[in-house]
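Colleague: need coordinates for the below:
(2 chains)
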Number of protein chains: 2
Amino acid sequence: MSPSQPFPPDATLADVGEFGLISALSGRFDQGSQVFVGPGDDAAVLRTPRGHVVVSTDLLVEGRHFRREWAPARDIGRKAAASNLSDINAMGGTAHSLTVGLGAPADLPVAWAIDLADGIAEEAALVGASVVGGDLTTAKEVVIAVTVLGTCDIAPVLRSGARAGDVVAMAGRQGWAAAGLAVLARGFRSPRALVEAYQRPQPPYAAGPLAAQAGATSMIDVSDGLLADLGHVAHDSGVAVDVRRDAFELADPMHAVGSALGVDPMQFVLGGGDDHAIVATFPAGTALPEGFTAIGSVGEAGEAGPVVTVDGAAYDGPTGWSHFQ
Amino acid sequence: MSPSQPFPPDATLADVGEFGLISALSGRFDQGSQVFVGPGDDAAVLRTPRGHVVVSTDLLVEGRHFRREWAPARDIGRKAAASNLSDINAMGGTAHSLTVGLGAPADLPVAWAIDLADGIAEEAALVGASVVGGDLTTAKEVVIAVTVLGTCDIAPVLRSGARAGDVVAMAGRQGWAAAGLAVLARGFRSPRALVEAYQRPQPPYAAGPLAAQAGATSMIDVSDGLLADLGHVAHDSGVAVDVRRDAFELADPMHAVGSALGVDPMQFVLGGGDDHAIVATFPAGTALPEGFTAIGSVGEAGEAGPVVTVDGAAYDGPTGWSHFQ
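Modeller: Numbers count the residues shown, from 1 in each chain, chains lettered A, B, ... in the order given. A predicted model of the protein is given here:
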């Protein structure tokens, strides 16, 4: 990535135009060995081995998924890439390529768009992936559409394979981003560790392929909320899932936020998304892969159907996010 | 696609929620034989032969790329898919899979979203492609992010391969959509043929692979505008391109619109996009593939650099679209 920015620091998208910005951005994306044709043509072309291509897409909208006043553009870019890379992780796959669509008002500073692009490229580089194409357009609010492509070395791990008797295990932080969001929403900027967890999640990218190799029967990344996402696994697998509160060690900043906001910090763990932790189920007796901790168990779906319980009982707190409602 | 809609006809996205809509939409997308895991998991998984994957992404924004009052949702879906499928076409590839991100206000009628999805699936089916994944989110304006994946049987045809002496040839209609847009923008609804060309473009999907097989040296789809897109070819190939006005036969409705609006209808042909015609260059003497007509020639880039001229002279009309400016 070039350290020089070819535009005045206060230039807007209206000043440089679509093709000026495309030209500035294209040179900032290092291209991996899988890239046969990178940005700048009608489409990107990737060399692929015979096998499975894994593809996922996310649409992030200003005011909903991010706020420009709550995080620098580079962090928003990292987060946009992370949420998609995490989906490939949750299949047991490895990402290699991204496309990015950016919709933005004409008065958006060019420097913001470039920082966003750098953040996306930085996060992608953590797993060895490249930005291979994109689209730019005018929009009233900033909209970021990211699509990630990857490959699976072995069979992808779906949401539908959990079986009664399996152990539920998790890798990565959980609840930190939700606590950070709660802090920001009240107008505070600390504890820094939690705010930074919201601004720049650190998905456990190694965990997905490790879990697949260890024989995970189902897997999902926590993006809507832990209980909500375990609900997807329970539903698609036709099982019941129980989570144990005592499996989670609450870090000091979580206790601090709970006290400051007058809430049980466990609600961030059970209902929060955005950390992109990986939750997988393993046959009983499986040696859990590095980074995973057991957090619960899978049982037969009873009369109540494929439900998720906490310590054997229904949970009446917020379980996660649903759009439009 | 199911003929029954599971919601009341006046239901909004707020009424059914994200997961209600996902559930309704997922069943409407027929899955092709390349789909190993379709919609409903963290990511879609596609079986792929060894070779090249071609990928392209487009972001369409309400008020900019479409207006709900100017076209029914099904046509907007067809157009959204078409603009992306056309990019794969322009590489000489064949599309097999799409992902779709939809951002929409909570008061959007569910029926509109379903019609949009049906339109996308219909257009994709024209080339045998499936919608394999997507994302739904709240947004102030309707935003549609489409990513298309395809394969190339032979080497992809880039923008950069045109050589002096080549013939420039075009397949598909050109200028019809731009004329239709001009009609709509003045508040008229006819001539119908032009309005429909804008609402529902008919890209020549066979043309790209045929041109690749015939030895095309460069290729692009006309989406920004004929001269603007030929400008990309000229620039990337380091050549000059000349287009002949007399190569284009103006259909009767184009003449009618020209008279009604008091403009030279040739400006729609030279400056219009949105029909997704395919323009390719071929070595002199190549038997042009079915559907292609010669429209100009490639010369050495002179002192003026890689320019596009019309009948040997600079063109001073609008050449196409650039966002943000």
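Colleague: nearest residue to the residue most central in space within chain A in space, please, no chain neighbours.
Modeller: Against the mean C-alpha coordinate of chain A, by CA atoms, centre = their mean, the closest residue is A:S83 at 2.2 Å. In this structure, A:S83 finds its nearest non-sequential neighbour in A:D58, 5.3 Å apart by CB to CB, 6 or more residues apart in numbering or on different chains. All C-beta atoms are positioned from the backbone trio N, CA, C, and that covers glycine.
Colleague: for the helix or strand hosting the residue nearest to the centre of chain A, packing partners?
Modeller: Take DSSP states H and E as the rule and A:S83 turns out to sit in helix A:73-89. On a contact count with 3 or more CB pairs under 8 Å, 6 or more residues apart in numbering or on different chains; DSSP states H and E, helix A:73-89 meets strand A:51-61, strand A:94-104, helix A:110-126, strand A:143-151, helix A:207-213, strand A:218-221.
Colleague: can stretch A:121-140 be said to contact chain B?
Modeller: Yes: Stretch A:121-140 is in contact with chain B by CB under 8 Å from any CB of the partner chain, via A:V132, A:G133, A:G134, A:D135, A:L136, A:T137, A:T138, A:A139, A:K140.
Colleague: how near is the last one to A:G17?
Modeller: Put plainly, it is A:K140. Going from A:K140 to A:G17 by CB to CB, to the nearest Å gives 19 Å.
Colleague: can you list the low-confidence ranges for the stretch 1-150 of chain A?
Modeller: A:1-6 (pLDDT under 70).
Colleague: care to break chain A down by domain?
Modeller: Domain ranges of chain A: A:13-151, A:167-310, per automatic domain parsing.
Colleague: mind listing the helices in chain A by residue range?
Modeller: A:13-26, A:73-89, A:110-126, A:176-185, A:192-199, A:207-213, A:226-237, A:252-261, A:266-271 (DSSP state H).
Colleague: re the thing from before, now neighbour count too, for the residues of stretch A:121-140 next to chain B, in JSON lines please.
Modeller: Converted to JSON lines, those look like this (neighbours: other CB atoms under 10 Å in any protein chain shown):
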{"residue": "A:V132", "neighbour count": "29"}
{"residue": "A:G133", "neighbour count": "30"}
{"residue": "A:G134", "neighbour count": "25"}
{"residue": "A:D135", "neighbour count": "24"}
{"residue": "A:L136", "neighbour count": "22"}
{"residue": "A:T137", "neighbour count": "19"}
{"residue": "A:T138", "neighbour count": "20"}
{"residue": "A:A139", "neighbour count": "28"}
{"residue": "A:K140", "neighbour count": "17"}
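Colleague: do stretch A:215-226 and chain B meet?
Modeller: Yes: Stretch A:215-226 is in contact with chain B by CB under 8 Å from any CB, via A:M219, A:I220, A:D221.
Colleague: tell me the confidence at the last one?
Modeller: It stands for A:D221. For A:D221, the pLDDT comes out at 95.
Colleague: could you measure the residue lying closest to A:R189 once chain neighbours are set aside against chain B, distance?
Modeller: In space, and not counting its chain neighbours, A:R189 is closest to A:V195: 5.9 Å by CB to CB, 6+ apart. Separation of A:V195 from chain B (CB to the nearest CB, to the nearest Å): 23 Å.
Colleague: repeat that for A:V183.
Modeller: Distance of A:V183 to chain B, given as CB to the nearest CB: 23 Å.
Colleague: right, and that residue touches A:A256 too?
Modeller: No: with contact defined as CB atoms under 8 Å, A:V183 does not count as touching A:A256 (9.8 Å).
Colleague: now the common contact residues for the two.
Modeller: Listed as contacting both A:V183 and A:A256 by CB atoms under 8 Å, 6 or more residues apart in numbering or on different chains are A:P191.
Colleague: those two: which is more packed in?
Modeller: Ranked by neighbour count (other CB atoms under 10 Å in any protein chain shown), A:V183 and A:A256 place A:V183 first, with 22 against 17.
Colleague: distance of the more buried one from B:P253?
Modeller: A:V183 is 61 Å from B:P253, by CB to CB.
Colleague: what about stretch A:16-23 and chain B, any contact?
Modeller: Yes: counting by CB under 8 Å from any CB, chain B has neighbours in stretch A:16-23: A:V16, A:G17, A:E18, A:F19, A:L21.
Colleague: can I get those residues in CSV including distance to B:A234 and neighbour count?
Modeller: Below are the residues of stretch A:16-23 next to chain B laid out as CSV (distance: CB to CB, whole Å; neighbours: other CB atoms under 10 Å in any protein chain shown):
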residue, distance to B:A234, neighbour count
A:V16, 21, 20
A:G17, 18, 16
A:E18, 18, 18
A:F19, 14, 18
A:L21, 21, 24
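Colleague: need the residues you listed in CSV with distance to B:Q267, can you?
Modeller: Shown next, in CSV, are those (distance: CB to CB, whole Å):
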residue, distance to B:Q267
A:V16, 26
A:G17, 21
A:E18, 21
A:F19, 21
A:L21, 27
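Colleague: please identify the deepest-packed of the helices of chain A.
Modeller: Comparing those by mean neighbour count (mean count of other CB atoms under 10 Å in any protein chain shown), helix A:73-89 comes out on top with a mean of 27.
Colleague: now stretch A:196-203 - C-alpha only, PDB.
Modeller: Taking C-alpha atoms only, stretch A:196-203 is exported to PDB below (Å, rounded to 0.1, in the frame of the first residue of the first chain):
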ATOM      1  CA  GLU A 196     -11.800  -1.400  20.800                       C
ATOM      2  CA  ALA A 197     -13.400  -4.900  20.800                       C
ATOM      3  CA  TYR A 198     -16.500  -3.300  19.200                       C
ATOM      4  CA  GLN A 199     -14.500  -1.100  16.800                       C
ATOM      5  CA  ARG A 200     -12.100  -3.800  15.700                       C
ATOM      6  CA  PRO A 201     -13.200  -7.400  16.400                       C
ATOM      7  CA  GLN A 202     -10.500 -10.100  16.500                       C
ATOM      8  CA  PRO A 203     -12.200 -13.200  15.100                       C
END
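Colleague: just give me how far that stretch sits from the chain centre.
Modeller: Distance of stretch A:196-203 from the chain centroid (CA atoms, centre = their mean, to the nearest Å) equals 9 Å.
Colleague: ok, stretch A:306-314 next?
Modeller: Centre-to-centre, stretch A:306-314 and its host chain are 25 Å apart (CA atoms, centre = their mean).
Colleague: residue contacts, A:E141?
Modeller: Here A:E141 is in contact with A:V61, A:E62, A:G63, A:G103, A:P105, B:A139, B:K140, B:E141 (CB under 8 Å, 6+ apart).
Colleague: mind redoing it with 7 Å?
Modeller: Neighbouring residues of A:E141 by CB atoms under 7 Å, 6 or more residues apart in numbering or on different chains: A:V61, A:E62, A:G63, B:A139, B:K140.
Colleague: just A:G258 next, same as before
Modeller: Applying CB under 7 Å, 6+ apart, the residues near A:G258 are A:D264, A:P265.
Colleague: can you check the pLDDT for it?
Modeller: 92.
Colleague: distance of it from B:P9?
Modeller: Taking CB to CB as the measure, A:G258 and B:P9 are separated by 46 Å.
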